[in-house]
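# what would the 3D arrangement of this be:
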Amino acid sequence: MNKVMLIGRITRDPELRYTSSNIPSVRFTLAVNRPFENQNGERETDFINIVVWRKQAENVKKYVSKGSLVAVEGRIQTGSYEKDGQRIYTTDVVADNVQFLESKSQAQNRTSEDVTPSDFANNDSVQTTDMSEEVFADFGDSIEISDDDIAF
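Below you'll find the predicted structure:
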(Lines give C-alpha, C1' and ligand atoms only; values in the text may rest on other atoms or scores of the structure.)
Protein backbone atom coordinates (compact mmCIF):
# COMPACT_ATOMS: atom_id res chain seq x y z
CA MET A 1 0.00 0.00 0.00
CA ASN A 2 1.28 3.46 -0.93
CA LYS A 3 -0.75 6.10 0.97
CA VAL A 4 0.33 9.50 2.30
CA MET A 5 -1.58 12.05 4.40
CA LEU A 6 -0.01 15.42 5.19
CA ILE A 7 -1.06 18.72 6.74
CA GLY A 8 1.10 21.77 6.28
CA ARG A 9 1.57 25.20 4.76
CA ILE A 10 2.43 25.95 1.15
CA THR A 11 5.89 27.54 0.97
CA ARG A 12 5.38 29.46 -2.29
CA ASP A 13 2.59 30.12 -4.77
CA PRO A 14 1.68 26.97 -6.76
CA GLU A 15 3.00 26.74 -10.35
CA LEU A 16 0.34 25.75 -12.92
CA ARG A 17 1.53 24.10 -16.14
CA TYR A 18 -0.07 22.19 -18.98
CA THR A 19 1.22 19.03 -20.65
CA SER A 20 1.42 18.76 -24.44
CA SER A 21 -1.98 17.02 -24.19
CA ASN A 22 -3.36 20.13 -22.40
CA ILE A 23 -3.67 18.38 -19.02
CA PRO A 24 -3.17 20.84 -16.14
CA SER A 25 -0.77 20.09 -13.30
CA VAL A 26 0.38 22.17 -10.38
CA ARG A 27 3.48 21.81 -8.22
CA PHE A 28 4.13 23.21 -4.79
CA THR A 29 6.17 22.50 -1.70
CA LEU A 30 4.45 21.73 1.58
CA ALA A 31 6.12 22.55 4.91
CA VAL A 32 5.15 19.82 7.40
CA ASN A 33 6.16 19.90 11.06
CA ARG A 34 7.68 16.77 12.54
CA PRO A 35 5.72 15.41 15.52
CA PHE A 36 8.73 15.43 17.87
CA GLU A 37 11.46 17.79 19.02
CA ASN A 38 15.15 17.44 18.19
CA GLN A 39 17.96 17.36 20.78
CA ASN A 40 17.79 21.16 21.10
CA GLY A 41 14.08 21.06 21.95
CA GLU A 42 13.06 22.47 18.56
CA ARG A 43 10.55 21.06 16.10
CA GLU A 44 11.99 20.48 12.65
CA THR A 45 10.11 20.88 9.39
CA ASP A 46 10.15 18.72 6.28
CA PHE A 47 9.63 20.33 2.88
CA ILE A 48 7.74 17.91 0.64
CA ASN A 49 7.18 18.28 -3.11
CA ILE A 50 3.53 17.88 -4.13
CA VAL A 51 2.09 17.34 -7.63
CA VAL A 52 -1.63 17.77 -8.38
CA TRP A 53 -3.31 16.95 -11.71
CA ARG A 54 -6.35 17.98 -13.75
CA LYS A 55 -9.27 20.04 -12.37
CA GLN A 56 -7.98 19.85 -8.81
CA ALA A 57 -4.71 21.40 -10.02
CA GLU A 58 -6.62 24.38 -11.41
CA ASN A 59 -8.55 24.73 -8.13
CA VAL A 60 -5.32 24.68 -6.11
CA LYS A 61 -3.85 27.41 -8.30
CA LYS A 62 -7.04 29.46 -8.01
CA TYR A 63 -7.70 29.19 -4.27
CA VAL A 64 -4.40 28.76 -2.41
CA SER A 65 -1.20 30.72 -2.19
CA LYS A 66 2.00 30.93 -0.17
CA GLY A 67 1.25 30.19 3.49
CA SER A 68 -2.11 28.49 2.91
CA LEU A 69 -2.88 25.62 5.27
CA VAL A 70 -3.85 22.47 3.34
CA ALA A 71 -4.26 18.73 3.83
CA VAL A 72 -2.94 16.47 1.09
CA GLU A 73 -3.86 12.84 0.53
CA GLY A 74 -1.98 10.91 -2.11
CA ARG A 75 0.86 8.53 -2.87
CA ILE A 76 4.66 8.69 -3.06
CA GLN A 77 6.17 8.52 -6.52
CA THR A 78 9.88 8.28 -7.22
CA GLY A 79 11.68 8.97 -10.46
CA SER A 80 14.95 10.01 -11.97
CA TYR A 81 16.37 11.97 -14.88
CA GLU A 82 19.75 12.73 -16.41
CA LYS A 83 21.25 16.22 -16.06
CA ASP A 84 24.75 17.12 -17.22
CA GLY A 85 25.71 13.44 -17.20
CA GLN A 86 24.52 13.05 -13.62
CA ARG A 87 21.54 10.92 -12.52
CA ILE A 88 19.10 13.01 -10.41
CA TYR A 89 16.59 11.15 -8.22
CA THR A 90 13.23 12.66 -7.29
CA THR A 91 10.55 11.91 -4.71
CA ASP A 92 7.13 13.56 -4.96
CA VAL A 93 3.71 13.10 -3.42
CA VAL A 94 1.10 12.80 -6.17
CA ALA A 95 -2.06 14.22 -4.59
CA ASP A 96 -5.39 12.47 -5.04
CA ASN A 97 -7.13 14.98 -2.78
CA VAL A 98 -6.23 18.47 -1.54
CA GLN A 99 -8.38 20.03 1.19
CA PHE A 100 -8.20 23.74 1.98
CA LEU A 101 -8.05 24.06 5.79
CA GLU A 102 -8.67 27.75 6.22
CA SER A 103 -11.61 29.87 5.15
CA LYS A 104 -11.46 32.18 2.19
CA SER A 105 -11.65 35.21 4.51
CA GLN A 106 -8.68 33.95 6.56
CA ALA A 107 -6.70 33.50 3.37
CA GLN A 108 -7.67 36.98 2.12
CA ASN A 109 -6.70 38.60 5.42
CA ARG A 110 -3.29 36.98 5.21
CA THR A 111 -0.86 38.18 2.56
CA SER A 112 2.31 36.48 1.35
CA GLU A 113 4.35 38.99 3.34
CA ASP A 114 2.56 37.90 6.54
CA VAL A 115 4.05 34.42 6.27
CA THR A 116 7.57 34.04 7.63
CA PRO A 117 9.85 30.98 7.81
CA SER A 118 8.95 30.62 11.49
CA ASP A 119 5.34 30.03 10.42
CA PHE A 120 6.50 26.82 8.82
CA ALA A 121 8.16 25.66 12.02
CA ASN A 122 5.22 26.45 14.33
CA ASN A 123 1.77 25.69 12.98
CA ASP A 124 -0.19 27.97 15.33
CA SER A 125 -3.38 28.00 13.25
CA VAL A 126 -4.10 24.34 13.99
CA GLN A 127 -6.28 24.24 17.07
CA THR A 128 -5.90 21.49 19.61
CA THR A 129 -8.43 20.24 22.11
CA ASP A 130 -7.55 20.17 25.79
CA MET A 131 -8.12 16.56 26.80
CA SER A 132 -7.11 17.16 30.44
CA GLU A 133 -10.65 18.09 31.49
CA GLU A 134 -12.72 15.37 33.10
CA VAL A 135 -15.13 14.18 30.41
CA PHE A 136 -17.87 13.07 32.82
CA ALA A 137 -17.58 15.99 35.28
CA ASP A 138 -21.18 17.11 34.69
CA PHE A 139 -22.69 13.68 35.44
CA GLY A 140 -22.40 13.82 39.24
CA ASP A 141 -20.42 11.80 41.73
CA SER A 142 -21.34 8.29 40.65
CA ILE A 143 -23.05 6.34 37.92
CA GLU A 144 -25.09 3.28 38.81
CA ILE A 145 -24.91 0.37 36.38
CA SER A 146 -26.73 -2.94 36.86
CA ASP A 147 -25.47 -6.28 35.57
CA ASP A 148 -28.28 -6.18 33.00
CA ASP A 149 -26.73 -3.07 31.40
CA ILE A 150 -23.44 -4.85 30.66
CA ALA A 151 -23.33 -6.43 27.20
CA PHE A 152 -21.29 -9.50 28.17
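
# packing partners for the longest helix that the chain contains?
Assignment by DSSP state H gives helix 54-63 as the longest helix of the chain. Other elements packing on helix 54-63 under the criterion 3 or more C-beta pairs under 8 Å, 6 or more residues apart in numbering; DSSP states H and E are strand 15-18, strand 24-37, strand 86-100. In short, each C-beta sits where N, CA and C put it, glycine included.

# quick check: angle from the helix or strand just after it to helix 54-63?
Counting by DSSP states H and E, the next helix or strand C-terminal to helix 54-63 is strand 69-83. Angle of strand 69-83 versus helix 54-63, following axes from the mean of the first three to the mean of the last three C-alpha atoms, to 10 degrees, is 110 degrees.

# pLDDT of strand 69-83, averaged?
Mean per-residue pLDDT for strand 69-83: 94.

# parallel or antiparallel, list what pairs with that strand.
Take DSSP bridges as the rule and strand 69-83 pairs in its sheet with strand 4-10 (antiparallel), strand 86-100 (antiparallel).
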